[in-house]
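Student: Give the three-dimensional model of this entry:
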Amino acid sequence: MAADNGGDDTLAPVIPLFGATDADSSADPRAKRVETTPQWRTTWDDDDLHDDLSSMADEVDECTQIEREIAERNLTRKLRTRQLSVSEARSVVAERDLDETMIEAVLHDFVRRGYLDDRALAEQLVRAGVERKGQGRTVIAQSLAKRKIPREIVDAALAALPDDDAERALEFARQKARSMRGLEHDVALRRLIGQLARRGYGAAAMDAARQALDELAQ
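Tutor: The predicted structure follows:
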């Protein structure tokens, strides 16, 4: 490519290319220096400098494109194992040598294609917290914040939950109380309250623990 001549001239002696002849030299004034004796170039005219900078820009663009492709592959590999928030994905992409504009471009592309969706992830984590882990609002909110999901999305996902923390706390306490039959009441109460609190049933923990143990004693 023609743009390469300017860049190559800075690295090696000027030598005839593609069988240059005297006729070629007369057609191109700059070709007069293309003799049989190699010469090092130490200065550039404006055209040469422009060509050289263009060549450097092309090289940067190519390197940036390679870095972007690697970042996209790395992110795709991560997404095959678990869903990521946009913020978590940003950390993965930022491991490559990309500026902020390119990082945002990669993330925008993944969001556009549906590979990243903070709202869907928040809803998924809320369901898992409630149905599989028996967690209360506090712990669920902490889990979503740890995944760096924006606060407004967390609040919206939690607002969709029914206001049944007390019922779910009691259900959990009843399940756990069965394994504490042989313990003294105060010991069982403290353990049960601790387990409920760790799952985010702060205000409801005490009442649920007491009711579950009272039912067990009947």
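Student: which ones are touching the residue nearest the centre of the chain?
Tutor: Note on the chain: the residue nearest the mean C-alpha position is residue 89, at 1.0 Å, using CA atoms, centre = their mean. Counting by CB atoms under 8 Å, 6 or more residues apart in numbering, residue 89 touches 75, 78-79, 107, 110, 116. From N, CA and C alone the C-beta is placed, and that goes for glycine too.
Student: Of those, grab the buried ones for ChimeraX.
Tutor: Buried members of the contacts of residue 89, defined by 16 or more other CB atoms under 10 Å, are picked up in ChimeraX with:
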select :75,107,110,116
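Student: May I ask which two of the contacts of residue 89 are separated the most?
Tutor: Greatest spatial distance among the contacts of residue 89 (CB to CB): 78 and 107, at 13.0 Å.
Student: Can you list the neighbours in contact with stretch 62-81?
Tutor: Contacts for stretch 62-81 (CB under 8 Å, 6+ apart): 84, 89, 92-93, 95-98, 102-103, 105-106, 109-110, 115-116.
Student: just those residues now: which is nearest residue 124?
Tutor: residue 84 (11.9 Å).
Student: How about the backbone phi and psi for the closest one?
Tutor: Per-residue torsions, residue 84: phi -120, psi 150 (degrees, to the nearest 10).
Student: same deal with residue 85?
Tutor: Dihedral angles of residue 85 (phi, psi; degrees, to the nearest 10) stand at phi -80, psi 170.
Student: Neighbours of the closest residue to residue 209 other than its chain neighbours, how many?
Tutor: Closest residue in space to residue 209, ignoring its immediate chain neighbours: residue 192 at 4.0 Å, by CB to CB, 6 or more residues apart in numbering. Applying other CB atoms under 10 Å, we find 25 residues neighbouring residue 192.
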